[in-house]
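Enquirer: my questions concern the predicted model and sequence given below.
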Amino acid sequence: MSEESKERILEYVKSQKKTKHYFNDLCKAIPEIKMMQAKKIVNELVNEGKLKYWSSGSTTMYMLPSEGDVDKEEKGMN
Amino acid sequence: MALKHATPMLDELEKGPWPSFVTDVKRLAAKGNKMCEDWLGLMELSFKDKETHWKHGGIVGVLGYGGGVIGRYADRPDLFPGVAHFHTVRVNQPSAKYYTTDVLRKICDLWDARGSGLTNMHGSTGDIVLLGTTTDQLEPLFYDLTHDLGMDLGGSGSNMRTPEGCLGKSRCEWSCIDTQEIIHDITMEYQDALHRPMFPYKFKFKASGCPCDCVAAIARSDCSIIGTWRDKIRIDQEAVRAYVGGELSPHAGAGGTEKRAFDIKEEVLDLCPTRCMDWDGKNLKIWDEDCTRCMHCIRVMPRALRPGVDTGASILVGAKAPILEGAQLSSLVIPFMKMEPPFGEFKEFVEKMWDWWMEQGKNRERLGETIQRLTLREFLKVCDLSADPRMVSTPRYNPYIFYDPADVPGGWEHDEKAFRERHQA
Ligand code: HEM
Ligand code: HEM
Ligand code: SF4
Ligand code: SF4
């Protein structure tokens, strides 16, 4: 059940044009699930390396690891 | 020793009466600190261009953490390679910020080795703010911090932020609650919320031991815990007379300790916001049922007046700086709650509040804004709280009072169809 939710979240993220997503937006993929529970599912995705965090410092968002924004920024620097 | 970059504009900030951060940074740069050298150059360029050369964002923490590090990059690494990365690390401060000098030395040594050496003790979040390091230093820094110092990262992003309290009972005779214990307990209980982003936006707890509110909980926290009492102010009439007779200096001598005439009416009674005090020349009388626990009289005559002994906290919610909506102070939602470990009643409230905010909150909407949008009445309902006159600041200001049929004994039902049969539209 949680595996299926994870798939749906990933599919949703892949179907979107934007690369950075709010937690609330990820939850749109699994509307029947309570936020507290959804948070655990999203955390698992992060732990499994299927999603990664992006933060401005004040707000946190989620993105696919393949959208290498962070790495690109850092490569340009080194 | 000449510094790498000339900084005529930054140098202006060293003039004037205040200690200057520019002087501090130059001191480190003069010792050959490459980050500080280039930091000075980049800042000078920003001043010249009147544009920032810092970029936001990206990295959030260390492995397993969704907060605690704030990614910052320079947009001119070609000119200032020393500050290509300049990440900020938040370190969770001990409750009420008590350190041994040994720990402070170790933090400084660690940061000299793994970062720029620049610190901010402390950020207004409460954390120790370590300013400026590179991505490759984050994991080793975290290892040393946790293993050698027993310290942890603080909160950032859409996490619960590092909770913060006044020094409370450790040093302050006015503290009605053990703020250090409360802050430590919340920090440990909600580790997951502190290290993993789970909310629509940031969430802050701050606790002050009394209504003087030294950590400005009412202005700066989504949930403010403010010590108070529900019995009577303790009065030592002898000491009141000593103040009136000029034997004791008011305000504990804060305005000068020389003997001076003290007008209790002008300096205390007339400044009591609810005018609930009386002085007959011999005895001070307080109508405690009208006292709002503002602390004014206690602050002026600390030897004579003390908070009561049946102590606890008032809980307020929703303070914030301008983001989606303007700035606001917290609103009172629980006038009085006992605050004893393990704080079960308080945590039950917190979890109801979070459940609601997570379900209802829009992206980047602070709790106070969700309440503004969906009403305080709704908030009270979902948290199983009842409205109370003490939650209303000016009760007669708005005469339009709406009743929920469920709140009225007997209630009523409105049958639109039957109504229209009796009344034409
Ligand atoms: C003259 C220059 C600057 C001014 C006036 C300024 C002002 C401020 C203020 C008022 C705050 C909130 C206060 C606080 O939390 O302690 C803050 C926080 C912060 N600033 Fe700056 N800032 C300056 C430069 C910088 C630079 C150069 C960086 C990074 C490259 C930076 C990164 C941050 C970060 C990460 C925070 C959050 C720190 C925290 O947790 O408290 N700031 N700044
Ligand atoms: C218990 C019943 C009522 C209450 C509590 C009530 C209350 C009020 C209040 C508070 C005002 C505003 C007063 C002001 O700002 O000067 C007002 C104005 C008014 N009421 Fe009532 N009212 C009641 C019944 C009625 C009835 C039965 C009528 C007519 C059939 C009526 C006609 C008006 C009118 C015309 C005004 C406007 C007066 C103006 O513009 O200055 N009211 N009422
Ligand atoms: S908030 Fe009250 S208890 Fe805490 S330090 Fe200030 S005066 Fe003392
Ligand atoms: S604490 Fe404030 S409201 Fe209460 S009696 Fe003293 S001055 Fe008045």
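Expert: Thanks, I have it. Ligands and ions are numbered 1, 2, ... in the order given.
Enquirer: list the contacts for B:Glu267?
Expert: B:Pro250, B:Val300 (CB atoms under 8 Å, 6 or more residues apart in numbering or on different chains). (Glycine included, C-beta is placed from N, CA and C.)
Enquirer: how near is it to B:Met301?
Expert: As judged by CB to CB, to the nearest Å, B:Glu267 and B:Met301 stand 9 Å apart.
Enquirer: who touches both of the two?
Expert: B:Pro250.
Enquirer: burial check on the nearest residue to B:Thr311 once chain neighbours are set aside, number of neighbours?
Expert: Excluding the flanking residues, the one nearest B:Thr311 by CB to CB, 6 or more residues apart in numbering or on different chains is B:Cys176, at 3.7 Å. Around B:Cys176 there are 27 other residues, counting by other CB atoms under 10 Å in any protein chain shown.
Enquirer: I'd say A:Pro65 and A:Glu48 touch.
Expert: No - using CB atoms under 8 Å, A:Pro65 is not in contact with A:Glu48, being 10.2 Å away.
Enquirer: of these two, which one has the most company?
Expert: A:Pro65 (12 against 9).
Enquirer: ignoring the adjacent residues along the chain, who's closest to the more buried one?
Expert: Closest residue to A:Pro65 apart from its sequence neighbours, by CB to CB, 6+ apart: A:Lys52 at 5.1 Å.
Enquirer: just the pLDDT for the one you found.
Expert: pLDDT for A:Lys52: 89.
Enquirer: so what pairs up with it in the strands?
Expert: A:Met63 (DSSP bridges).
Enquirer: report the separation between it and ligand 3.
Expert: Taking CB to the nearest ligand atom, to the nearest Å as the criterion, A:Lys52 is separated from ligand 3 by 41 Å.
Enquirer: contact partners for residue 5?
Expert: Defaulting to chain A. By CB under 8 Å, 6+ apart, the contact set of A:Ser5 is A:Ala29, A:Ile30, A:Ile33, A:Ala38, A:Ile41.
Enquirer: look at chain B instead
Expert: Counting by CB under 8 Å, 6+ apart, B:His5 makes contact with B:Glu37, B:Asp38, B:Leu40, B:Gly41, B:Glu44.
Enquirer: among those residues, which are in helices?
Expert: B:Glu37, B:Asp38, B:Leu40, B:Gly41, B:Glu44 (DSSP state H).
Enquirer: tabulate the residues you listed (a markdown table), appending neighbour count, distance to ligand 1 and pLDDT.
Expert: Below are those laid out as a markdown table (neighbours: other CB atoms under 10 Å in any protein chain shown; distance: CB to the nearest ligand atom, whole Å; pLDDT from 0 to 100):
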| residue | neighbour count | distance to ligand 1 | pLDDT |
| --- | --- | --- | --- |
| B:Glu37 | 22 | 14 | 97 |
| B:Asp38 | 24 | 11 | 97 |
| B:Leu40 | 25 | 11 | 97 |
| B:Gly41 | 24 | 12 | 97 |
| B:Glu44 | 19 | 12 | 97 |
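Enquirer: wait, which of those is closest to chain A?
Expert: B:Asp38 (12.4 Å; CB to the nearest CB).
Enquirer: the residue nearest to A:Pro65 - how many residues pack around it?
Expert: Each residue near A:Lys52 was counted by other CB under 10 Å, and the total is 21.
Enquirer: what's the answer for the one 5 residues further on, then?
Expert: Other residues lying near A:Gly57 total 19 when counted by other CB under 10 Å.
Enquirer: residue boundaries of the strands in chain A?
Expert: A:52-55, A:60-63 (DSSP state E).
Enquirer: which of those strands sits closest to B:His147?
Expert: Smallest distance to B:His147 across those (CB to CB): 24.1 Å, for strand A:52-55.
Enquirer: how far is the closest one from where the chain is centred?
Expert: Distance of strand A:52-55 from its chain centroid, counting by CA atoms, centre = their mean, to the nearest Å, is 8 Å.
Enquirer: contacts for it, please.
Expert: When contacts are defined by CB under 8 Å, 6+ apart, strand A:52-55 is touched by residues A:20, A:46, A:60-65, A:69-70, B:57-61, B:66-67, B:70-71, B:156-157, B:197.
Enquirer: report the buried members of these.
Expert: A:20, A:46, A:60-64, A:70, B:57-61, B:66-67, B:70-71, B:156-157, B:197 (16 or more other CB atoms under 10 Å in any protein chain shown).
Enquirer: distance check, the closest residue to B:Asp404 other than its chain neighbours against B:Ser331.
Expert: Among residues not flanking B:Asp404 along the chain, B:Arg377 sits closest, at 7.7 Å (CB to CB, 6+ apart). Remark: distance between B:Arg377 and B:Ser331 (CB to CB) = 12 Å.
Enquirer: and the two? which has more neighbours close in?
Expert: Higher neighbour count among B:Arg377 and B:Ser331: B:Ser331, with 19 against 12, using other CB under 10 Å.
Enquirer: what sits against that one?
Expert: The contact partners of B:Ser331, taken as CB under 8 Å, 6+ apart, are B:Leu316, B:Val317, B:Gly318, B:Gly368, B:Ile371, B:Leu376, B:Met391.
Enquirer: isn't the second one right up against B:Ile371?
Expert: Yes - contact status for B:Val317 versus B:Ile371: in contact at 7.1 Å, counting by CB under 8 Å.
Enquirer: give me the pLDDT for the closest residue to B:Leu149 other than its chain neighbours.
Expert: Among residues not flanking B:Leu149 along the chain, B:Lys106 sits closest, at 5.7 Å (CB to CB, 6+ apart). Note on B:Lys106: pLDDT of 97.
Enquirer: now do the contacts for B:Gln137.
Expert: B:Gln137 touches B:Arg114, B:Gly115, counting by CB under 8 Å, 6+ apart.
Enquirer: now with 6 Å, please.
Expert: B:Arg114 (CB atoms under 6 Å, 6 or more residues apart in numbering or on different chains).
Enquirer: where do the helices sit along the stretch 1-150 of chain B?
Expert: B:8-12, B:21-30, B:34-49, B:101-114, B:135-148 (DSSP state H, counting those that start in this stretch).
Enquirer: the shortest one close to ligand 1?
Expert: Read that as helix B:8-12. No - in terms of CB under 6 Å from any ligand atom, no part of helix B:8-12 sits within range of ligand 1; the closest distance is 9.4 Å.
Enquirer: buried residues of that helix, list them for me.
Expert: B:Leu10.
Enquirer: from the contact counts, what lies against that helix?
Expert: Contact partners of helix B:8-12 among helices and strands, from 3 or more CB pairs under 6 Å, 6 or more residues apart in numbering or on different chains; DSSP states H and E: helix B:34-49.
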